[in-house]
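Provide a 3D model corresponding to the input given below.
(chains A, B and C)
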Amino acid sequence: MKYTLSELTKGLEVVIKGDANCLISGICPIEQSQPGHLTFLTNSLYKKYLKTTQASAVILSEKEAAACPVNAIISRNPYYTYAKIAAYFENKKTQSAGIHATAVIGQHCQIDETAVIGPQCVIGDQVKIAPHVIISAGSIIGDEVELGEGSYLAPRVTILHKVKIGQRVRIASGAVIGSDGFGYANHKQEWHKVPQLGSVHIGDDADIGANTTIDRGAVEDTVIENGVILDNLIQVAHNVKIGAHTIIAGCVAIAGSTVIGKHCMIGGGTCFAGHIEVCDHAIITGMSAVTKSIREPGMYSSGIVGVVPNQEFRKNNARFHRLEHLMQRVKTVESTIQILSESKE
Amino acid sequence: MKYTLSELTKGLEVVIKGDANCLISGICPIEQSQPGHLTFLTNSLYKKYLKTTQASAVILSEKEAAACPVNAIISRNPYYTYAKIAAYFENKKTQSAGIHATAVIGQHCQIDETAVIGPQCVIGDQVKIAPHVIISAGSIIGDEVELGEGSYLAPRVTILHKVKIGQRVRIASGAVIGSDGFGYANHKQEWHKVPQLGSVHIGDDADIGANTTIDRGAVEDTVIENGVILDNLIQVAHNVKIGAHTIIAGCVAIAGSTVIGKHCMIGGGTCFAGHIEVCDHAIITGMSAVTKSIREPGMYSSGIVGVVPNQEFRKNNARFHRLEHLMQRVKTVESTIQILSESKE
Amino acid sequence: MKYTLSELTKGLEVVIKGDANCLISGICPIEQSQPGHLTFLTNSLYKKYLKTTQASAVILSEKEAAACPVNAIISRNPYYTYAKIAAYFENKKTQSAGIHATAVIGQHCQIDETAVIGPQCVIGDQVKIAPHVIISAGSIIGDEVELGEGSYLAPRVTILHKVKIGQRVRIASGAVIGSDGFGYANHKQEWHKVPQLGSVHIGDDADIGANTTIDRGAVEDTVIENGVILDNLIQVAHNVKIGAHTIIAGCVAIAGSTVIGKHCMIGGGTCFAGHIEVCDHAIITGMSAVTKSIREPGMYSSGIVGVVPNQEFRKNNARFHRLEHLMQRVKTVESTIQILSESKE
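Numbering: from 1, shown residues only, chains lettered A, B, ... in the order given. Reported below is the predicted structural model:
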């Protein structure tokens, strides 16, 4: 399939500079661009490739347009424009509605006839599946789960009993939603499991990454609000609440009962202590250790980042472990100078 | 179902203050309490909600009891008491014993007739399944695995060949037990897989979290002792030994052959180097990097925790990378002062 | 089965010191050695056990051979020699070729007759499966996937559409290959999914660990070159490239478009920022935060490692957060001394 730039940008708020009838047969990255393809410039790291691009057109911002040697699609938000245009080149296979012969379906389910349930799926009892839901191969859905209209489960998703999932939610392979929260009471030096009576509620348009785990609440539900985006291998503990339109990169761990606000951005590998609150519009850089609540919007960080040669690291690491001692030496120096200065007067 | 406080506390070492016949229909959190419900105060962060609670009864310690405006269940260990009482409100569906028609069962297995094997499970050859074991939908059990009495596998658990699992063990969805250890020998600049001949042994009453991985031993077994509690997304490498009643929070990584003692508590995101030993009763806070053995019980930490505004962080991070240099400057200052002081005398 | 030392070392470049006809019935670790078994000394931490070993033979380097009280297999690369010999003691069950009756196979697939497809597998359309491929129970293979000769998928592997996998690749349980990359464009404060048009290409002889996730590329493919070894619970984001024969330990996260060179070694828990490059032969120690490109081979580190008692840690951690302030105090001291010194002259 080929599309003209006009066709690809129909309905989008963009300006085409150059030949609007130029035919595009695919997408290419700017650093390996090829004729007949469309590329995009959304990260200034890649600006150096613009001048010599072989692509037939580039999506970019107005500020970069002057330097564009080929057709330009000028947008205030080039990455969003790209997202919309790229959808033309997704070769999505239409799956026919219905329940595969090998799927096992429980009792008293309400499954819309437009829904797709793939091979080897297991659906529990009293499950409600709305129109246009796709449950791909090998997914397991527990009793009393509800899946909202147009939600998509990739192959091998596990959703445990009573979890409620909104509309147009996407869940990637290997994700586990509704596993028991990590609640154990110590009694006579042994740990006793605390029943996890809550569930998980996921709002509309949320995206859950591969092998991410979201535990069910201890009493109330764990809550993922509308439009939350979670990457792969994230751990969301019981009773966590993640506010609408917050985006969290891979390998983040969020301990129990922590509340993260709306429109936050969390870098990969960050860990959150339990029972803390992060306000709306907080940005937290990768590998941070968030141990206290954050009250003001802004960008926050912790840890030590940036690798250095190991030998240098070892010295600084050792110095860190003696930092209190170093401080005491500085204090001694300050006192001595004080005395020296005074004795001079 | 409703229960009186007397019924709920039968057999527990508690004192009821107020109306022992008060009827309870459910559990609620203290910050969102409601009449007819029972709540609990086990974390001092939530003490502020006690005075105005709407719950009909509160489980708490003697020290908090005076401030409780409603019926009180006074316990030396309120969280443990809560764990026992909450079990009344778990709506656990009884599963009928037997093997689902879609499960695939290998040869020469010994499966107790009280065991449950769910839909789409695959059981290998010579597997031994004790009474009252529940293997939920989509779980895969390798050859010669043994599962002890009353163990519970959530949907989609993978247990590989020869793994031995004790009694009353709970394994959450997505967990992989007995994957090959990470053993590779470098020869002529290429990595060659080292056969992993050992297995995994999990003791009684252990709990394994969602998507956690436990590798089989290289020669001997990887060992998880009785009552060990592992949260989600934990990596346990080959030949690790985790002592009885140790509890480990999410996203911890334990490298090969490391031995962790009994009754330890490990915070989330912590990494352990290989071939080290941690003694009994060690507490390690989250995101620590444990690179050497710990010989004495106590609380240990490493890393930098606590986020600060990014600008401030950048300065301190840069200073850290020049810490050795700072130390040299302090030393120079000390020498100069020494000279100044001496010349004064 | 028992083997003589001669039989076990046939074809290997080793020297036998002692009785080449000594019969070996199994492998044991050096710290728990037993007669009739073979052990190995490949880590100097375990050297102390050599003198008193009860094993019938030890694989070791020439330098350790003099201290060996029993038969010795002397090798320039004892761990590699061990890897080769240990294969004799792997009790691998031969699986008979063919497709299990419960597997679901799509249309227009090319499946070699020597391939094994286990129970409850789901194979999409137009999948190509080369000779001697083993796809274990419960694995799911998307449309147009290609699996090269002799590749082995453990139970419950998920491979999504169009992923290409080389020869002799091993993929552990729970791994997800080809999940959508983490690409979202923000528009009017909401995140919009960016279609992920690329795929994943995995070279020959690569090893992928349990519950590891490898996302498909945004435009081009994510690439794992020949002989790359990935441990468990690793996150590889879209368009990452990992060079041949690089080995990465558990719980590492690699953000999008980062390129890691050949023959690198990456310690567990390390995180990589996106869009950076790491040269060949870089070694990065565990829990590092790699935020910038690395241009020269060598060993690199970051973070703070090594736990200390929590009280001591708290002081140093607090000092770290005031490091810029400490620097200013040192500068003040230096100026004062300068003045004092000058005034003295």
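
What lies in contact with the helix or strand hosting A:T332?
When secondary structure is defined by DSSP states H and E, A:T332 falls within helix A:323-344. Counting contacts by CB atoms under 8 Å, 6 or more residues apart in numbering or on different chains, the residues outside helix A:323-344 that touch it are A:319, B:323, B:326-327, B:330, B:333-334, B:337, B:340-341, B:344, C:312, C:315-316, C:319-320, C:323, C:326, C:329-330, C:333, C:336-337, C:340, C:343. Where you see a C-beta, it was placed from the backbone N, CA and C, and this is true even at glycine.

List the buried residues in that helix.
Of the residues in helix A:323-344, those with enough neighbours to count as buried (16 or more other CB atoms under 10 Å in any protein chain shown) are A:323-324, A:326-327, A:329-330, A:333-334, A:336-337, A:340.

and what of stretch A:103-114?
Within stretch A:103-114, the residues that qualify as buried are A:103-106, A:109, A:111, counting by 16+ other CB under 10 Å.

Please export the C-alpha coordinates of the helix holding A:T332 as PDB.
Taking C-alpha atoms only, helix A:323-344 is exported to PDB below (Å, rounded to 0.1, in the frame of the first residue of the first chain):
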ATOM      1  CA  LEU A 323      31.700  11.000  54.300                       C
ATOM      2  CA  GLU A 324      30.700  11.700  57.900                       C
ATOM      3  CA  HIS A 325      34.400  11.400  58.900                       C
ATOM      4  CA  LEU A 326      35.400  13.900  56.100                       C
ATOM      5  CA  MET A 327      32.800  16.300  57.500                       C
ATOM      6  CA  GLN A 328      34.300  16.100  60.900                       C
ATOM      7  CA  ARG A 329      37.800  16.800  59.500                       C
ATOM      8  CA  VAL A 330      36.400  19.900  57.800                       C
ATOM      9  CA  LYS A 331      34.800  21.000  61.000                       C
ATOM     10  CA  THR A 332      38.100  20.600  62.800                       C
ATOM     11  CA  VAL A 333      39.900  22.600  60.100                       C
ATOM     12  CA  GLU A 334      37.200  25.400  60.400                       C
ATOM     13  CA  SER A 335      37.700  25.600  64.200                       C
ATOM     14  CA  THR A 336      41.500  25.700  63.900                       C
ATOM     15  CA  ILE A 337      41.300  28.500  61.400                       C
ATOM     16  CA  GLN A 338      38.900  30.400  63.600                       C
ATOM     17  CA  ILE A 339      41.400  30.200  66.400                       C
ATOM     18  CA  LEU A 340      44.300  31.100  64.200                       C
ATOM     19  CA  SER A 341      42.400  34.100  62.800                       C
ATOM     20  CA  GLU A 342      41.300  35.300  66.300                       C
ATOM     21  CA  SER A 343      44.800  35.000  67.700                       C
ATOM     22  CA  LYS A 344      46.100  37.100  64.800                       C
END
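
Now do that helix against helix C:323-344, angle only.
Our comparison of helix A:323-344 with helix C:323-344, counting by axes from the mean of the first three to the mean of the last three CA atoms, to 10 degrees, yields an angle of 30 degrees.

how distant is helix A:323-344 from the center of its chain?
Distance of helix A:323-344 from its chain centroid, counting by CA atoms, centre = their mean, to the nearest Å, is 50 Å.

What of stretch A:73-91?
Here the centre of stretch A:73-91 is set off from its chain's centre by 20 Å, with CA atoms, centre = their mean.

For that stretch, which outside residues touch it?
Stretch A:73-91 is touched from outside by A:1, A:3, A:5, A:8-9, A:12-17, A:26-27, A:38, A:40-42, A:57-62, A:65, C:183-187, C:192-195, C:197, with contacts defined as CB under 8 Å, 6+ apart.

can you tell me which of these are in helices?
Within the contacts of stretch A:73-91, residues falling in helices by DSSP state H are A:5, A:8, A:62, A:65.

Just give the number of residues close to the last one.
Counted with other CB atoms under 10 Å in any protein chain shown, residues neighbouring A:A65 total 17.

What is the neighbour count of the closest residue to A:S301 other than its chain neighbours?
With CB to CB, 6 or more residues apart in numbering or on different chains as the measure, B:F313 is the residue that lies nearest to A:S301, at 3.8 Å, once sequence neighbours are left out. A total of 23 residues lie near B:F313 under the criterion other CB under 10 Å.

which SS state does B:F313 fall under?
Three-state call for B:F313 (DSSP: H, G, I helix; E, B strand; the rest coil): helix.

show me what contacts it?
Remark: with contacts taken as CB under 8 Å, 6+ apart, B:F313 is in contact with A:285, A:300-302, B:307.

Turn these into a markdown table, columns for pLDDT, secondary structure and neighbour count.
Putting the contacts of B:F313 into a markdown table (pLDDT from 0 to 100; DSSP: H, G, I helix; E, B strand; the rest coil; neighbours: other CB atoms under 10 Å in any protein chain shown) gives the following:
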| residue | pLDDT | secondary structure | neighbour count |
| --- | --- | --- | --- |
| A:T285 | 97 | coil | 24 |
| A:Y300 | 97 | strand | 24 |
| A:S301 | 96 | strand | 26 |
| A:S302 | 92 | coil | 28 |
| B:V307 | 92 | coil | 26 |
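
wait, which of the residues you listed is closest to B:V163?
Top of the list for closeness to B:V163, among these and by CB to CB, is A:S302 at 38.8 Å.

So how do I select the buried members of the ones in helices among the contacts of stretch A:73-91 in ChimeraX?
Listed next is the ChimeraX selection for buried residues among those, using 16+ other CB under 10 Å:
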select /A:5,8,65
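
Tell me the one of the ones in helices among the contacts of stretch A:73-91 nearest A:G203?
A:L8 (31.1 Å).

Now do the closest one against chain C, distance only.
With the distance defined as CB to the nearest CB, to the nearest Å, A:L8 ends up 13 Å from chain C.

quick revisit: which ones among the contacts of stretch A:73-91 come in contact with chain B?
The subset of those within reach of chain B, counting by CB under 8 Å from any CB of the partner chain, is empty.

what pLDDT does the residue nearest in space to the middle of chain A get?
With distances taken as CA atoms, centre = their mean, A:L230 lies nearest the centre of chain A, 2.9 Å away. As predicted, A:L230 sits at a pLDDT of 98.

ok, now how distant is it from A:I202?
Applying CB to CB, to the nearest Å, one obtains 10 Å for the distance of A:L230 from A:I202.

list the residues that contact both of those two?
With contacts defined as CB under 8 Å, 6+ apart, the residues shared by A:L230 and A:I202 are A:208, A:224.

Pretty sure A:T9 sits against A:I16.
Yes - the pair A:T9 / A:I16 is scored as a contact, 6.4 Å apart, by CB atoms under 8 Å.

These two - which one has more neighbours?
A:T9 (21 against 18).

so what's the more buried one up against?
A:16, A:73, A:81, A:85.

wouldn't the first one be in contact with A:S6 here?
It refers to A:I16. Yes - proximity of A:I16 to A:S6 meets the contact threshold set by CB under 8 Å, at 7.2 Å.
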